[in-house]
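**Q** coords please:
(one chain, ligands or ions: 1)
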Amino acid sequence: MSSRRLQQIIPSVATSDGAGVSLRRSLGRAPEARVDPFLMLDEFSSDDPDDYIAGFPSHPHRGFETVTYMLDGHMLHEDHLGNRGDLLPGGAQWMTAGRGIIHSEMPQQESGRMRGFQLWINLPAAEKMKPASYCDIRPEDIPTVALPGGGEVRVIAGRVQIDGREVAGPVQGITTEPLYMDVRLPANGRFHHPIPDGHSAFVYAYEGSLAIGDESDVRRLPAQSAGVLGGDGPVTIRATDGPARFLLLAARPLREPVVQYGPFVMNTREEIEQAVADYRANRLT
Ligand code: CO
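**A** Reported below is the predicted structural model:
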């Protein structure tokens, strides 16, 4: 039986975004560093308010979805639709920009740790111009499942199968069928999970390094790196150098052309020019 192997490592690079938020970008650090339909993954993690206090003031998006998942800290989301979402530790927000959203994400703390992730997932051509929508996911709405050998999994999107039990995350019904889980393993812990054949998948190790693959082909993924999974079948992940925490993401690839200009992700240059013109003319949304 085939299984997934670690095919490519995308190390994160330190950068900043918004009004000067320090972060580490793995997917999306370059146009070729994408895993269709995943466009970008940023990790922000700091105890120093200077690294996050400026936040992400009002800015637009068109053509994809943004998913913010908080581990520590408190941010407030506001958008042109009138949504106000409190992002609390262990919570998430799923925002479908569609034809256009204008939003801000601002820290609600002046000290302490701010830590989490922002993921960008592409929309199919047929859905890029659909109306924007927003979903606030409270920490208690994300199921946490204990692993048989120790550790746990939080399920943000899709369905997981653990120990013969299926657990569904709060986000369902998206065309690319994303699976988004946050896994914590003790030292020498093991995580084994199916991934639908043909779906793209990657792992982001955010605490500790990992050993990925079955016995015939085990490869090491260093911390703060994204590991793209090749092949088909299930994936086996071990924490061989101490406890570890990682995100596991999978989704159905779109196989459509991607043209990105900052916060706009479309299929053609003309559509990007339209997005810029619409934004300048106050017609984005
Ligand atoms: Co944004």
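
**Q** all helices for the chain, in order.
**A** Here the chain has its helices, by DSSP state H, at 269-280.

**Q** just want the most central residue of it.
**A** Geometric centre of the chain, nearest residue: Leu119, 3.0 Å, by C-alpha atoms, centre = their mean.

**Q** now that residue. Nearest residue, chain neighbours left out?
**A** Using C-beta to C-beta, 6 or more residues apart in numbering and skipping the chain neighbours, the partner closest in space to Leu119 is Val67 (4.4 Å). (Glycine included, C-beta is placed from N, CA and C.)

**Q** what do you get for Thr66?
**A** Met95 is the one closest to Thr66 (C-beta to C-beta, 6+ apart), at 4.8 Å.

**Q** between the two ends of stretch 105-113, what distance do you get?
**A** End-to-end distance of stretch 105-113 (C-alpha to C-alpha, to the nearest Å): 16 Å.

**Q** no no, stretch 85-92
**A** With C-alpha to C-alpha as the measure, the first residue of stretch 85-92 is 10 Å from its last.

**Q** buried ones in that stretch?
**A** For stretch 85-92, a neighbour-count test (16 or more other C-beta atoms under 10 Å) marks Gly85, Leu87, Leu88, Gly90, Gly91, Ala92 as buried.

**Q** repeat for stretch 9-23
**A** In stretch 9-23, counting by 16+ other C-beta under 10 Å, buried: Ile9, Ile10, Ser12, Gly18, Val21, Ser22, Leu23.

**Q** surely the last one and Arg29 touch.
**A** The one in question is Leu23. No. Taking contacts as C-beta atoms under 8 Å, Leu23 lies outside contact range of Arg29: 11.0 Å.

**Q** which residues do those two both contact?
**A** Residues touching both Leu23 and Arg29 by C-beta atoms under 8 Å, 6 or more residues apart in numbering: Thr15.

**Q** mind listing what the residue nearest to Thr66 touches?
**A** 61, 65-68, 77, 79, 101, 103, 132-135.

**Q** repeat that with 7 Å
**A** Met95 is in contact with Glu65, Thr66, Ile101, Tyr134, counting by C-beta atoms under 7 Å, 6 or more residues apart in numbering.

**Q** distance of the third one relative to Gly63?
**A** The spacing between Ile101 and Gly63, counted by C-beta to C-beta, to the nearest Å, is 11 Å.

**Q** looking at the two, which one has more neighbours?
**A** Taking other C-beta atoms under 10 Å, Ile101 and Gly63 do not tie; Gly63 has more neighbours (27 against 24).

**Q** measure that one to Gln260 for me?
**A** Taking C-beta to C-beta, one finds Gly63 at 9 Å from Gln260.

**Q** again, but for Ala54
**A** On the measure of C-beta to C-beta, Ala54 and Gln260 end up 23 Å apart.

**Q** again with Pro148
**A** Taking C-beta to C-beta as the measure, Pro148 falls 41 Å from Gln260.

**Q** please identify which of these two sits among more neighbours.
**A** Taking neighbours as other C-beta under 10 Å, Pro148 and Gln260 compare with Gln260 leading, 18 against 9.
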